[in-house]
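>>> Pasting the sequence and the predicted model now:
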Amino acid sequence: MTLTPPLVVTIGEILVEIMAVEPGHGFREPTPLIGPFPSGAPAIFIDQMARFGHPCGIVGCVGNDDFGRLNLDRLRADGVDVSAIRVHPEAVTGSAFVRYRPDGGRDFVFNIKQSANGAVTLDAPATALLGRAGHLHVMGSSLFSPEIIAANEAAIGRIKADGGTVSFDPNVRKEMMALPGTREALERVLAQADLFLPSGPELFLFTSAQDEAGAVAELLARGLRAIVVKRSAEGATCFTQTGVVSIAGLPSEEIDPTGAGDCFGATFVACWLQGMEPRAALRLANAAGALAVRKKGPMEGASTRTEIESLLAGQAQ
């Protein structure tokens, strides 16, 4: 069954990512860099959704600078409704400097809360965009201040009141969990969510159970319609009240894993909203994640439906 696709909106950080060329430990000495690349978890998510062909928009804020224009140009070109991205006259666009460690881990230097991202509000353009939306996607990484928490919660209330749905990807940096009010905000979002998209151990952030079956049962009992556990290269599993579907990962040469989970999530949410069965949705989402890791830069691996289906057709041969 294919449904008329509702407009999907997300609210959160838009930034540039600048990466160290060589692996190492942090930024305590001069090192060659590459970038800037358009980035931010909600921005990557919504860019992939647009590339997949699903109507979508984002509420955010960038500076009146080249980094802001880089993001606006990219999102607009890929089909995202950017009418609710405010251009701040004074604050700078957010940034993330990233260095991969030799073991594959990452070190970050973020400027998010103190950047234009800290000025995200539900102004008139944002309210207008939400008024046309039927689905809200919430990223845990976006709940970095009381103001943006309030904006997301207000948007959830509006979407739910209009009969829409909510998806939630916790995507929480460990540093965020110590911020006052963060855990409580995450709990409130989860309580309103229809679709939950944790990565691996994030499944246990909100449960007393520490085994997968127990945690899933606990979460489904709260009213979630579906839980999709992302397992990186190992694939993914979808749990619903009626059953469990798992799919193995696709082999892919990993150049940069940043954004793969966001691309997976956007593709799955689009398929779910279109009424696709879990196995078919997982299959397309899995391929989107596999394509995402093949290019350097968080958004550079975002893919169209044609590119996803071409990868899958090649795997079947």
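Done, it's in.
>>> so what does whichever strand or helix holds residue 168 touch, helix or strand wise?
In the assignment (DSSP states H and E), residue 168 maps to strand 165-169. Helices and strands touching strand 165-169, by 3 or more Cβ pairs under 8 Å, 6 or more residues apart in numbering; DSSP states H and E, are strand 133-139, helix 146-161, helix 182-192, strand 195-196, helix 260-273. C-betas here are computed from N, CA, C, even on glycine.
>>> and those, which one is worst for confidence?
Mean pLDDT values for those show the minimum at helix 182-192, a mean of 92.
>>> report the angle between the axes of that helix and strand 165-169?
Angle of helix 182-192 versus strand 165-169, following axes from the mean of the first three to the mean of the last three Cα atoms, to 10 degrees, is 140 degrees.
>>> Remind me what helix 182-192 packs against, helices and strands.
Against helix 182-192 (3+ Cβ pairs under 8 Å, 6+ apart) you get helix 146-161, strand 165-169.
>>> can you do 6 Å?
Packing partners of helix 182-192 (3 or more Cβ pairs under 6 Å, 6 or more residues apart in numbering; DSSP states H and E): strand 165-169.
>>> outside of the strand it packs on, which residues touch it?
Strand 165-169 is touched from outside by 135-139, 156, 189-190, 192-197, 265, 269, with contacts defined as Cβ atoms under 6 Å, 6 or more residues apart in numbering.
>>> Which among those count as buried?
Buried members of the contacts of strand 165-169, scored by 16 or more other Cβ atoms under 10 Å, are 135-139, 156, 189-190, 192-197, 265, 269.
>>> Give the ranges of residues in this protein that sit below the confidence cut-off.
1-3, 173-178, 316-317 (pLDDT under 70).
>>> can I assume residue 25 sits in a strand?
No: Residue 25 sits outside any strand when classified using DSSP: H, G, I helix; E, B strand; the rest coil, being coil.
>>> if I look at it, how far off is residue 190?
35 Å (Cβ to Cβ, to the nearest Å).
>>> just to revisit the earlier point, point out the most buried one among the helices and strands packed on strand 165-169.
helix 260-273 (a mean of 27; mean count of other Cβ atoms under 10 Å).
>>> Give the helix, strand or coil label for residue 75.
Counting by three-state DSSP, the backbone at residue 75 sits in helix.
>>> show me what contacts it?
Taking Cβ under 6 Å, 6+ apart, one finds 47, 82 in contact with residue 75.
>>> go on, residue 221?
By Cβ under 6 Å, 6+ apart, residue 221 has no neighbours at all.
>>> Kindly recompute the last result at 10 Å.
Applying Cβ atoms under 10 Å, 6 or more residues apart in numbering, we find residue 221 in contact with residue 241.
>>> Distance check, residue 181 against residue 144.
For residue 181, the distance to residue 144 equals 11 Å [Cβ to Cβ].
>>> Compare neighbour counts for the two and give me the winner.
Neighbour totals were compared for residue 181 and residue 144, and residue 144 leads with 22 against 12 (other Cβ atoms under 10 Å).
>>> is it true that that one touches residue 171?
No: counting by Cβ atoms under 10 Å, residue 171 is not a contact partner of residue 144; they are 11.5 Å apart.
>>> shared neighbours, the two?
In contact with both residue 144 and residue 171: residue 12, using Cβ under 10 Å, 6+ apart.
>>> returning to what we had before: how about the CA coordinates for the strand holding residue 168, as PDB?
Extracted in PDB, the C-alpha atoms of strand 165-169 (Å, rounded to 0.1, in the frame of the first residue of the first chain):
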ATOM      1  CA  THR A 165       3.000  11.300  13.600                       C
ATOM      2  CA  VAL A 166       6.400  11.700  15.200                       C
ATOM      3  CA  SER A 167       9.600   9.800  14.800                       C
ATOM      4  CA  PHE A 168      12.500  10.100  17.200                       C
ATOM      5  CA  ASP A 169      16.200   9.300  16.800                       C
END
